[in-house]
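missing the sequence, but the structure's below:
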């Protein structure tokens, strides 16, 4: 049996793409997973925001190149109206600036349009659990030209903060990080908040990209590597 069918919690998904073939194809791709329910489809950002408000999806698959409102504006507006919605951007591998902008706006992961159904499944499940999804192949391309660059922020991190940053990049949540160090989860959150400020990023996904870019974590260590 497919492992997806072993999960009990239904995951409500909204598909946003301006091409009807992509929308229908993505829905068909997800049809075999009984715990994933496509609750709606939208062809542009304005329609997406209306359906996010009406349908309250758990995860939104958002095309990064569409007419109308910029995807980053859609992400910000969606999170402002529904803070717990998880935004997964679906992209061509060359859209590096757009991917980084989407992450800064609050997207929790990204996926290639060429990804197979198991990658879609893993991405949706991980976002639903509150985890980032950073596929190794796309991330390698994203950091290819900047890996190893020095950054003054690195010298401001303590050894513990470097280790926490590495674990964040590997997909660990605050609870797991707290258990690893034998500290309270609220203390782990405090450490994370402090290190995000030190390196000048606003969320865990940006922090993970920073860690990979500067060699604090290896993509080969990740579950998606």
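Arrived safely, thanks for sending. Bear in mind that the values here come from a model prediction, so they are computed numbers and not experimental data. Numbering: from 1, shown residues only.

all helices of the protein, in order?
20-30, 45-55, 71-81, 96-105, 117-128, 136-143, 159-169, 174-181, 185-199, 204-213 (DSSP state H).

same for the first one, what does it pack against?
Read it as helix 20-30. In terms of contacts (3 or more CB pairs under 8 Å, 6 or more residues apart in numbering; DSSP states H and E), helix 20-30 is packed against strand 11-16, strand 36-42, helix 117-128. Just so you know, the C-beta spots here come from the backbone N, C-alpha and C atoms, and that holds for glycine as well.

what do you get if the cut-off is 10 Å, keeping everything else the same?
Helix 20-30 sits against strand 11-16, strand 36-42, strand 59-63, helix 117-128, with contacts defined as 3 or more CB pairs under 10 Å, 6 or more residues apart in numbering; DSSP states H and E.

Please compute how far the first one lies from its chain's middle.
What separates the centre of strand 11-16 from the centre of its chain is 14 Å, taken as CA atoms, centre = their mean, to the nearest Å.

That one to helix 20-30, inter-axis angle?
With axes from the mean of the first three to the mean of the last three CA atoms, to 10 degrees applied, the angle from strand 11-16 to helix 20-30 works out at 160 degrees.

List the strands paired with strand 11-16, with their directions.
Strand 11-16 has the following strand partners under DSSP bridges: strand 36-42 (parallel), strand 59-63 (parallel).

between the last one and helix 71-81, how big is the angle?
Right, strand 59-63. Using the same axes, to 10 degrees: strand 59-63 against helix 71-81 is 160 degrees.

same deal with the longest one?
Between the direction of strand 36-42 and that of helix 71-81, the angle (the same axes, to 10 degrees) works out to 120 degrees.

For strand 36-42, give the mean pLDDT please.
Averaging pLDDT along strand 36-42 gives 97.

Just list what the helix or strand bottoming out on mean pLDDT in the chain packs against, helices and strands only.
Within the chain, confidence by mean pLDDT, DSSP states H and E is lowest for helix 136-143 among all helices and strands, at a mean of 78. For helix 136-143, the contact count by 3+ CB pairs under 10 Å, 6+ apart identifies helix 96-105, strand 109-112, helix 204-213 as packing neighbours.

Just send those back as JSON lines, with distance to residue 129 too.
What follows is the helices and strands packed on helix 136-143, written out as JSON lines (distance: least, CB to CB, whole Å):
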{"stretch": "helix 96-105", "distance to residue 129": "18"}
{"stretch": "strand 109-112", "distance to residue 129": "11"}
{"stretch": "helix 204-213", "distance to residue 129": "13"}
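
Can you name the residues that contact residue 57?
When contacts are counted by CB atoms under 10 Å, 6 or more residues apart in numbering, residue 57 touches 11-16, 37-40, 48, 51, 78, 82, 85-86.

What separation do you get for it and residue 176?
Remark: distance between residue 57 and residue 176 (CB to CB, to the nearest Å) = 26 Å.

what does residue 208 give?
For residue 208, the distance to residue 176 - CB to CB - is 15 Å.

Repeat that for residue 44.
Remark: distance between residue 44 and residue 176 (CB to CB) = 38 Å.

if we can go back for a sec, need the helices of the chain in a markdown table with mean neighbour count and distance to residue 65, can you?
Output for these, formatted as a markdown table (neighbours: other CB atoms under 10 Å; distance: least, CB to CB, whole Å):
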| stretch | mean neighbour count | distance to residue 65 |
| --- | --- | --- |
| helix 20-30 | 15 | 11 |
| helix 45-55 | 18 | 11 |
| helix 71-81 | 19 | 8 |
| helix 96-105 | 19 | 7 |
| helix 117-128 | 20 | 18 |
| helix 136-143 | 18 | 15 |
| helix 159-169 | 19 | 27 |
| helix 174-181 | 15 | 33 |
| helix 185-199 | 16 | 29 |
| helix 204-213 | 22 | 20 |
